[in-house]
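Enquirer: build me a model:
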Amino acid sequence: MYGSFWKRLSNQHRNRRVLAKRALSWVSKAIRPLTDVELAHALSFKSGDNDLQPSGLINISMIIEVCGGLLRLEPPTSSCKRPVVSFAHSTIAEFLHQITRSYNVHLDIANTSLSYLGLRNVTTKEPFFSYAEKYWALHAKLSRAMVDPRALLSFAHNSSEPLAKAAWYGLGQPLDILLSNGFSANESYGPVTPLMLSASHGHTHCLTRLLTARADVNYVSETPILYNTALLCATAGGHLSSVSLLIEAGANLDVGHIPPIMVAVEAGHCHIASELLSAGSNANIKYRRKTALYRALELNNLTMTSILISGGADVDVPSTTFQITPLQLATHQRHWSSAMALITHGADLTCETHVGLDPLQQAAYEGRFDLVEVILRTSSIRNQLHKKTVNSTGHASKSPLHLALEARHRDIAKLLIRNGIGVNNVCGTPPYSPLEWAIKENDSELVEELLAANADPNLVGESIPLLSAASRFVKRDTAVIALLLDAGASPHAANCTFVESLERCIEENTRNKWWRKDDPTISRLRVALALPEDWVAL
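Expert: Numbers count the residues shown, from 1 in each chain. So this is what the prediction gives:
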């Protein structure tokens, strides 16, 4: 389609043919659309010129003319006050790509931009200055070729930008040229240094060159920027190789606006966190009143949590703001795997959440059998659990066994019973013992387990165990009463009110034929009622 156009362009005079080829190529490869004056200025300038010659500028109408109708001017818009040069049709760019493969357009733009920026009388007001300054390095990177050293050095004598941009875009050849010509590796570009720029983009080859040229690995920018050291820049970018290079060069591991370990945690860079800790970074350093471990738990990053614990993080250091320990945070947020890791590494098991639940209570109530099992294996807590007696009504004041029973976590309840945890605690509203709970649920198996774990058959809660069993109205079933009597339950365990209530239950149950009159267990119960109050001691 465009073959005839290209043939007509190729038959022009050499100067017009070269101008057309450059204009079309520049429009196709420009990072952003070029305005009429930008393109005219750029194409009017020749490599080797020392200054701008306004009288020698090519008119944009001539550029449009020599391109044989393949280019056109778009009218100004609200975002661009000058006409923009574009192709007459979108398919022209693909056509040009096929026939100009041997021409390195990006290198031409990079060298032209560098030469333009190195002119003696060039100012920021020149039409092509903004584009050339902003994009020369990107064009150089895209060209994958060596830029003109003379143009680069001319620009470098006017500005500190070339060294910074070379480090930023990972341009090894321009960086070598500048460093070998005496430009300092520590020359700052605004608030940052070339080393910081290379580190932030992970250009290890540039980092190596800069460090060899004695770049200050511990430079701290005084400007209030977030990542104000090279190590922080590399950490934030997630560049492990760059982090390792900087550490090897002697970078301070805990200096910066934010501690590097905190940046690694925040970004989830586990390998970098491990590298920092292995090199000696302080695992317990705080930022905004929180340790790295505390922040990893907030983010529910189990891998990071494990790395920090292995790296020496104190599992009991609380947040300064609310004095919440890592384990309190993990259990409150129900991050059970993290809680498990903390407990395994010796976290304080007596700490309580904001609602007053300790880890065992929380795990029992939430049905976390694995966590309960791990806690019970921790010998340091067992004596405290045995001593813990509670008589209030809230969840925080209930034993782990009570919470497991109420939440219907039978496997956890049995585990606690086998470990003797809370079998003789009385709490709740109305107050009850675990034995009373099992009796009211008609769970003879659980009653047996409680009695085998030395649950007191005469412990008074809302009532006495025998009265609770007699009040169940389970037809013809007196097995639980038999278990209680075998364990030494007495009708006289408390005041006479319970005795009277028990006698009344026996009469009602037999009259209504809930119990058989000849049931041997009921006969034993009647005998027990007839005996004196101190019959157990006889």
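
Enquirer: pull up the distance across stretch 258-272, start to finish.
Expert: 15 Å (C-alpha to C-alpha, to the nearest Å).

Enquirer: run through who's touching that stretch.
Expert: Contacts with stretch 258-272, where a contact means C-beta atoms under 8 Å, 6 or more residues apart in numbering, come from 226-227, 229, 231-232, 235-236, 238, 240, 243, 253-254, 273, 276-277, 281-283, 285, 287, 292, 295-296, 299, 301, 303-304, 307-308. All C-beta atoms are positioned from the backbone trio N, CA, C, and that covers glycine.

Enquirer: how about that stretch: buried residues?
Expert: Neighbour counts over stretch 258-272 (16 or more other C-beta atoms under 10 Å) mark 258-266, 269-270, 272 as buried.

Enquirer: which pair of those residues spans the longest distance?
Expert: When those are compared pair by pair using C-beta to C-beta, the two farthest from each other are Ile258 and Cys270, 17.6 Å apart.

Enquirer: related to what we said a few turns ago, so which of the contacts of stretch 258-272 belong to helices?
Expert: Among the contacts of stretch 258-272, the subset assigned to helices under DSSP state H consists of 231-232, 235-236, 240, 243, 273, 276-277, 292, 295-296, 303-304, 307-308.

Enquirer: would you write a ChimeraX line that selects the buried entries of those residues?
Expert: Applying 16+ other C-beta under 10 Å to these leaves a buried subset, and the ChimeraX line that selects it is:
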select :231,232,235,236,240,243,273,276,277,292,295,296,304,307,308
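
Enquirer: which one of the ones in helices among the contacts of stretch 258-272 is nearest Ala93?
Expert: Distances from Ala93 to the ones in helices among the contacts of stretch 258-272, taken as C-beta to C-beta, are shortest for Ala236 (36.6 Å).

Enquirer: so who does that closest one touch?
Expert: Contact criterion C-beta under 8 Å, 6+ apart gives 200, 226-227, 263, 267 as the residues in contact with Ala236.

Enquirer: list the buried residues in stretch 280-291.
Expert: 281-283, 286-287, 290-291.

Enquirer: how near is the closest residue to Ala363 other than its chain neighbours to Ala339?
Expert: The shortest distance from Ala363 to any residue that is not its chain neighbour, by C-beta to C-beta, 6 or more residues apart in numbering, is 3.9 Å, and that residue is Leu371. Here the distance between Leu371 and Ala339 works out to 6 Å (C-beta to C-beta, to the nearest Å).

Enquirer: overlap in contacts, those two.
Expert: Shared contacts of Leu371 and Ala339, defined by C-beta under 8 Å, 6+ apart, comprise 359, 363.

Enquirer: looking at the two, which is more packed in?
Expert: Summary of the neighbour comparison: Leu371 and Ala339, criterion other C-beta atoms under 10 Å, with Ala339 having more neighbours (28 against 22).

Enquirer: residues touching that one, list them.
Expert: For Ala339, the contacting residues are 327, 330-331, 359, 363, 371, by C-beta under 8 Å, 6+ apart.

Enquirer: now render these as CSV, adding distance to Ala487 and pLDDT.
Expert: Below are the contacts of Ala339 laid out as CSV (distance: C-beta to C-beta, whole Å; pLDDT from 0 to 100):
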residue, distance to Ala487, pLDDT
Leu327, 38, 92
Ala330, 40, 91
Thr331, 36, 88
Pro359, 32, 88
Ala363, 30, 91
Leu371, 32, 91
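
Enquirer: out of those residues, which is nearest to Ala528?
Expert: Nearest to Ala528 among these, counting by C-beta to C-beta, is Ala363 at 40.0 Å.

Enquirer: rewinding a little: closest one to Ala479 out of the contacts of Ala339, please.
Expert: Each of those was checked against Ala479 using C-beta to C-beta; the closest is Ala363, at 32.2 Å.

Enquirer: isn't the closest one right up against Glu373?
Expert: No - contact criterion C-beta atoms under 8 Å: Ala363 and Glu373 do not qualify, at 9.1 Å.

Enquirer: about what we covered before: could I get the buried residues of stretch 258-272 as JSON lines with distance to Ser501 and pLDDT?
Expert: Formatted as JSON lines, the buried residues of stretch 258-272 follow (distance: C-beta to C-beta, whole Å; pLDDT from 0 to 100):
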{"residue": "Ile258", "distance to Ser501": "68", "pLDDT": "93"}
{"residue": "Pro259", "distance to Ser501": "67", "pLDDT": "95"}
{"residue": "Pro260", "distance to Ser501": "71", "pLDDT": "96"}
{"residue": "Ile261", "distance to Ser501": "66", "pLDDT": "97"}
{"residue": "Met262", "distance to Ser501": "64", "pLDDT": "96"}
{"residue": "Val263", "distance to Ser501": "68", "pLDDT": "97"}
{"residue": "Ala264", "distance to Ser501": "67", "pLDDT": "97"}
{"residue": "Val265", "distance to Ser501": "62", "pLDDT": "97"}
{"residue": "Glu266", "distance to Ser501": "64", "pLDDT": "96"}
{"residue": "His269", "distance to Ser501": "68", "pLDDT": "97"}
{"residue": "Cys270", "distance to Ser501": "64", "pLDDT": "97"}
{"residue": "Ile272", "distance to Ser501": "70", "pLDDT": "97"}
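
Enquirer: in helices, which of these fall?
Expert: Per DSSP H, helices hold the following members of the buried residues of stretch 258-272: 260-266, 270, 272.

Enquirer: hey, where'd the strands end up in this structure?
Expert: Defined through DSSP state E, the strands belonging to the chain, from first to last, are 71-74, 84-87, 286-287, 290-291.

Enquirer: could I get the ones you listed as a markdown table with distance to His139?
Expert: As requested, the strands of the chain are arranged in a markdown table below (distance: least, C-beta to C-beta, whole Å):
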| stretch | distance to His139 |
| --- | --- |
| strand 71-74 | 20 |
| strand 84-87 | 17 |
| strand 286-287 | 40 |
| strand 290-291 | 44 |
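
Enquirer: out of the ones you listed, which gets nearest to Glu126?
Expert: For the strands of the chain, the distance to Glu126 is smallest for strand 84-87, at 17.5 Å, taking C-beta to C-beta.

Enquirer: and the closest one, C-alpha only, in CSV?
Expert: What follows is the C-alpha trace of strand 84-87 in CSV, where atoms were taken according to Å, rounded to 0.1, in the frame of the first residue of the first chain:
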residue,chain,number,x,y,z
VAL,A,84,1.3,17.6,17.3
VAL,A,85,3.0,15.7,14.5
SER,A,86,1.4,12.3,13.7
PHE,A,87,1.0,9.8,11.0
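
Enquirer: relative to Met304, how far out is Met262?
Expert: From Met262 to Met304 the distance is 11 Å (C-beta to C-beta).

Enquirer: oops, could you answer that again for Thr344 instead?
Expert: The gap separating Thr344 from Met304 is 16 Å, by C-beta to C-beta.

Enquirer: again, but for Gly202
Expert: When C-beta to C-beta is the yardstick, Gly202 and Met304 sit 21 Å from each other.

Enquirer: Lys165 and Leu171 touch, don't they?
Expert: Yes - the pair Lys165 / Leu171 is scored as a contact, 7.4 Å apart, by C-beta under 8 Å.

Enquirer: okay, and the common contacts of the two?
Expert: Between them, Lys165 and Leu171 share the neighbouring residues Ala137, with contact defined by C-beta under 8 Å, 6+ apart.

Enquirer: in the stretch 351-500 of the chain, where is pLDDT below threshold?
Expert: Along the stretch 351-500 of the chain, the parts satisfying pLDDT under 70 run over 379-396, 473-476, 495-496.

Enquirer: what segments of it are helices?
Expert: Secondary structure of the stretch 351-500 of the chain (DSSP state H, counting those that start in this stretch): helices located at 359-366, 369-376, 379-387, 400-406, 410-418, 434-440, 444-452, 465-470, 479-486, 496-511.

Enquirer: so how far is the first residue of stretch 108-126 from its last?
Expert: The stretch stretch 108-126 measures 19 Å between its terminal residues, going by C-alpha to C-alpha.

Enquirer: quick one: distance of that stretch to the chain centre.
Expert: 45 Å (C-alpha atoms, centre = their mean, to the nearest Å).

Enquirer: which residues touch it?
Expert: Outside stretch 108-126, the residues that touch it by C-beta under 8 Å, 6+ apart are 22, 25-26, 29-30, 41-42, 45, 47-52, 128-133, 135-137, 139-140, 143, 147-148, 151-155, 157-159, 162.

Enquirer: this completes my enquiry, with thanks.
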